[in-house]
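Student: one predicted model, sequence on top.
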Amino acid sequence: MTAGERVPGLSGLLEQLMAVVRPEFRTEIYIAAADDPVFAAGECVVAGCDRTAVQRGLCNGHVIRWRQRGRPDLESFLADSGPPVRGRNPLPSCRVDGCRYGRGGGGLCSRHRDRWDRAGRPGLATWEAPELAAPGTRPAECRLPFCSLWAENPAKIFCHSHDDRWQRRGLPDPGRFIVDCELAGTAHIDLRDLVPQLRLEFQYALQCRHDAQARTARPRLVMQAVRQAERAGVSSLLDRSEQQWRQAAGSRVREPVLFLLDARDAMESLRDGTGWEVEYAKDVWRLHKLPGIAAPSGRPCPRARLRFDRITQLWLRDLGKRWMRLRLASGLSITAAKAGLDALTCFSQFLTLAGVKRLADVDRPLLERHLAWVVSGSGGPGVKQIRIGGLNLFFQAIRQHGWDDTLPGTAAFYPGDTPPAPERVSRQLAEYVMTQVESPANLGRWPSPAGRLVTVVLTRCGLRISSALALDFDCLLHDGQGAPYLRYFNTKMKREAAVPIDEELETAIRGQQRRVLDRWPAGATCLFPRPHANVSGNLPLSDSSYRRMLGRWLAACEIHDEHGRPVHLTPHQWRHTFACRLINRDVPQEVVRILLDHDSHRMTSHYAKITDQTVRRRWEQATKVNIKGERVTLDPGGPLGQAQWAKTRYGMATQTLSNGYCGLPVQKSCPHANACLTCPVFLSGPEFLPELREQRHRTLTLIEVSTGKGQTRVAEMNQQVLTSLDRMITEIEKDDDEAEAADAG
């Protein structure tokens, strides 16, 4: 029986619980099997200690001893861990032979100590101790099964030491005290102090966690959740909301609080069921309870929320729910859904300030006021565009599906309403930084092989961090020639893609697969499973976990920029760097677009920026001729090389002509007006050869016409242009012929 199923004929939650909790979980003290992957905590690694490990593989007693010694290396501590911890040694008995009463002062039990005192305290070796028990009788033993001492007297049921411990605990029920002593140091979950329904709820929560086989639940942390519920004085976990439980926790330990919230969530699902029919009516949608809603990687949906309770207008909230359900059902991502809901929430705040109470009052003048309010508010240009664009899509859906006919026809935004977003700057990292990041010595300092491999995949393949962490276990492909490819899920575009990789990266991925199988022999679905609280191995490493590891690694390696400042980078910057490296190695932009799996060249051009060094290198390699047909060279190593390049680069950016470049310094005015082909500083190259040929054809026609009309001056001026064109075209074609001959050879 799962959380979403209801038992026919049972309406109350208590009856539901009694019907679904299986016998193995309906116990006041739950002790998991030794090989249970969910609840087993493991034994202490100290030889001979059978207590439950709580930290670093040590039980609580050995952890205290390890701390008292100054936290030495674990290996050296295990070599000399000292005597067994308290509670695991047999209690000493009286020194008198045959006496099994508990030892007290002087090594004697209280009875023999009294007689020894009255005898004048003779030497114990020569003192003849009297028999305390009548011949043929034997005093009752301590009621604790693991204790072989005699009970202190017929009126008591425990030995001297255990009776003292029992009294210090306030004389609890003897049966309970015996159970507590037997369970000391073992992994168990004690539910005896809970009221009946609350106990059943925790039993059902344990059953659900066991059946899911996804996340671990260490018994000592579950017990913290049990004690928290007990202190709250509630009869059911549903007596408090999720937010109230979070506020009441007041603890930095997250696991107990999360288990408590999971248990409450299971109770709510059992009582109400799951699915759209249940969730739609609520003002806070829990997306993990909606069928068909998946995370970007295609795996089960995270515990995300959509909060409609922040929309104060009921009519807007109802329409917003309808719109959001349609968008989610059509495959909209969770991130996009949250952005659309944010647009409605922002609009709701504005309507409250404007005093608008009906959809019929939402017209174009009101939207213009809203536009000004959004633009002047907080948030960057992207957030403001999404808030306006999302609201416009909302209005379009209302009209398209006929949800409310009172919406005025003028309620719409138009192109140009929102200010354009500024041109985004490429975020590639400097090669100075990348050299440190990709250094084998620094990569070897990663604390985990998985974190190191994620970094290599990001830098060499240009994946988004969400796509890299969502890689399937079987993510390698090979083409007909045996070349390896990395198959991944494009979490933004929601489709599969592949990128070529080298054999070194393929070998590293094979090594990660072996490590995963060593940890989870039954197999795992992801290449980078979460290392902790991951029973099945199917929970991938989270984005936040990798970013924390990355921050610690950058600090440990002391990676810095050119100015010696520590580098703070994001994984997405490696995607920009990957694209910029390709485009500056003369890889065609179409190839870069395919490798990045972009839909448009516009997005690729945002990532792949050509550096000034690449432009200079290409310009230096190209042929440059002046109007005399003489080749013009730029000496990169000359004393004015940098200054010449700066002047030429500025001229190319500000004075590019239709058939060449102006070599005149930008500080000077041009004395030749539009007679560039008679200007000594005019330059051209092979990229302008078609334009030069076309201009030569026009010049010949103009000379012929001018000569026929007797316009001698015009013919002479154009003859100079023709001469310059012939020289330049001849020299450029000569260079092309030499290149073709070299290729043919």
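Tutor: Thanks, I have it.
Student: just the pLDDT for N442.
Tutor: N442 is assigned 94 on the pLDDT scale.
Student: count the neighbours of Q385 for me.
Tutor: Neighbourhood size, Q385 [other C-beta atoms under 10 Å]: 18. C-beta coordinates here come from the backbone N, C-alpha and C atoms, glycine included.
Student: what sits closest to it if chain neighbours are left out?
Tutor: Nearest residue to Q385, sequence neighbours excluded (C-beta to C-beta, 6 or more residues apart in numbering): T418, at 5.4 Å.
Student: let me see the contact set for that neighbour.
Tutor: 371, 375, 384-385, 388-389 (C-beta atoms under 8 Å, 6 or more residues apart in numbering).
Student: make JSON lines out of these and add distance to V21.
Tutor: Below are the contacts of T418 laid out as JSON lines (distance: C-beta to C-beta, whole Å):
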{"residue": "L371", "distance to V21": "56"}
{"residue": "V375", "distance to V21": "57"}
{"residue": "K384", "distance to V21": "52"}
{"residue": "Q385", "distance to V21": "52"}
{"residue": "I388", "distance to V21": "52"}
{"residue": "G389", "distance to V21": "50"}
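Student: quick check: L14 is in a helix.
Tutor: Yes. Per DSSP: H, G, I helix; E, B strand; the rest coil, L14 lies within a helix segment.
Student: quick one: the helices in the stretch 351-500 of the chain, in order.
Tutor: 364-375, 381-401, 431-437, 440-443, 449-461, 465-469 (DSSP state H, counting those that start in this stretch).
Student: can you classify R138 as helix, strand or coil?
Tutor: Secondary structure of R138, per three-state DSSP, is coil.
Student: tell me the predicted confidence for V632.
Tutor: 58.
Student: where does pLDDT dip in the stretch 351-500 of the chain?
Tutor: 423-426 (pLDDT under 70).
Student: against G106, how distant is A339?
Tutor: Going from A339 to G106 by C-beta to C-beta, to the nearest Å gives 79 Å.
Student: neighbour count winner among those two?
Tutor: Per other C-beta under 10 Å, whichever of A339 and G106 has more neighbours is A339, with 17 against 14.
Student: identify the residues contacting the nearest residue to the more buried one once chain neighbours are set aside.
Tutor: Distances taken as C-beta to C-beta, 6+ apart place I386 nearest to A339, at 5.1 Å, with adjacent residues excluded. By C-beta under 8 Å, 6+ apart, the contact set of I386 is 339, 342-343.
Student: please apply the same query to P154.
Tutor: Taking C-beta under 8 Å, 6+ apart, we find P154 in contact with 139-140.
Student: part of a helix, is it?
Tutor: No. Under three-state DSSP, P154 sits outside any helix and is assigned coil.
Student: quick check, pLDDT for it.
Tutor: We note a pLDDT of 75 for P154 in this prediction.
Student: would you check how far apart it and R593 are?
Tutor: Distance, P154 to R593, by C-beta to C-beta: 92 Å.
Student: what of G105?
Tutor: The gap separating G105 from R593 is 88 Å, by C-beta to C-beta.
Student: of the two, which one has the most company?
Tutor: Applying other C-beta under 10 Å to G105 and R593 shows that R593 carries more neighbours, namely 20 against 10.
Student: quick check: that one touching V587?
Tutor: No. Assessed by C-beta atoms under 8 Å, R593 is found out of contact with V587, at 10.4 Å.
Student: so who does the residue most central in space within the chain touch?
Tutor: Residue closest to the average C-alpha location in the chain (C-alpha atoms, centre = their mean): D543, at 1.3 Å. By C-beta under 8 Å, 6+ apart, the contact set of D543 is 465-466, 469.
Student: now render the residues you listed as JSON lines, adding distance to Q68.
Tutor: Compiled in JSON lines, the contacts of D543 are given as follows (distance: C-beta to C-beta, whole Å):
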{"residue": "I465", "distance to Q68": "42"}
{"residue": "S466", "distance to Q68": "45"}
{"residue": "L469", "distance to Q68": "40"}
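Student: biggest separation within the contacts of T418, which pair?
Tutor: V375 and G389 (13.2 Å; C-beta to C-beta).
Student: let me know whether A217 touches F202 as I believe.
Tutor: No. With contact defined as C-beta under 8 Å, A217 does not count as touching F202 (11.1 Å).
Student: end-to-end on stretch 287-305?
Tutor: 6 Å (C-alpha to C-alpha, to the nearest Å).
Student: any idea of the mean pLDDT in that stretch?
Tutor: Stretch 287-305 shows a mean pLDDT of 66.
Student: what do you get for stretch 234-245?
Tutor: 91.
Student: would you work out how far apart the start and end of that stretch are?
Tutor: Start-to-end, stretch 234-245 (C-alpha to C-alpha) is 11 Å.
Student: name the nearest residue to R552, sequence neighbours excluded.
Tutor: Beyond its immediate neighbours in the sequence, the residue positioned closest to R552 (C-beta to C-beta, 6+ apart) is P447, lying 7.7 Å away.
Student: what strand or helix carries L306?
Tutor: Counting by DSSP states H and E, the element that carries L306 is strand 305-307.
Student: give the next helix or strand downstream of that strand.
Tutor: Going down the chain from strand 305-307, the next helix or strand is helix 314-329, by DSSP H and E.
Student: residues of that following helix that come out buried?
Tutor: Buried positions in helix 314-329, judged by neighbour count with 16 or more other C-beta atoms under 10 Å: 316-317, 319-325, 327-328.
Student: quick one, what contacts the nearest residue to L344 once chain neighbours are set aside?
Tutor: Counting by C-beta to C-beta, 6+ apart, G320 is the residue found nearest to L344 once chain neighbours are left out, at 4.6 Å. Going by C-beta under 8 Å, 6+ apart, G320 touches 308, 311, 341, 344, 394.
Student: residues contacting the closest residue in space to H370 that isn't next to it in sequence?
Tutor: With C-beta to C-beta, 6+ apart as the criterion, H370 has its nearest non-adjacent residue at 5.0 Å, and that residue is F350. F350 makes contacts with 369-370, 373-374, as judged by C-beta under 8 Å, 6+ apart.
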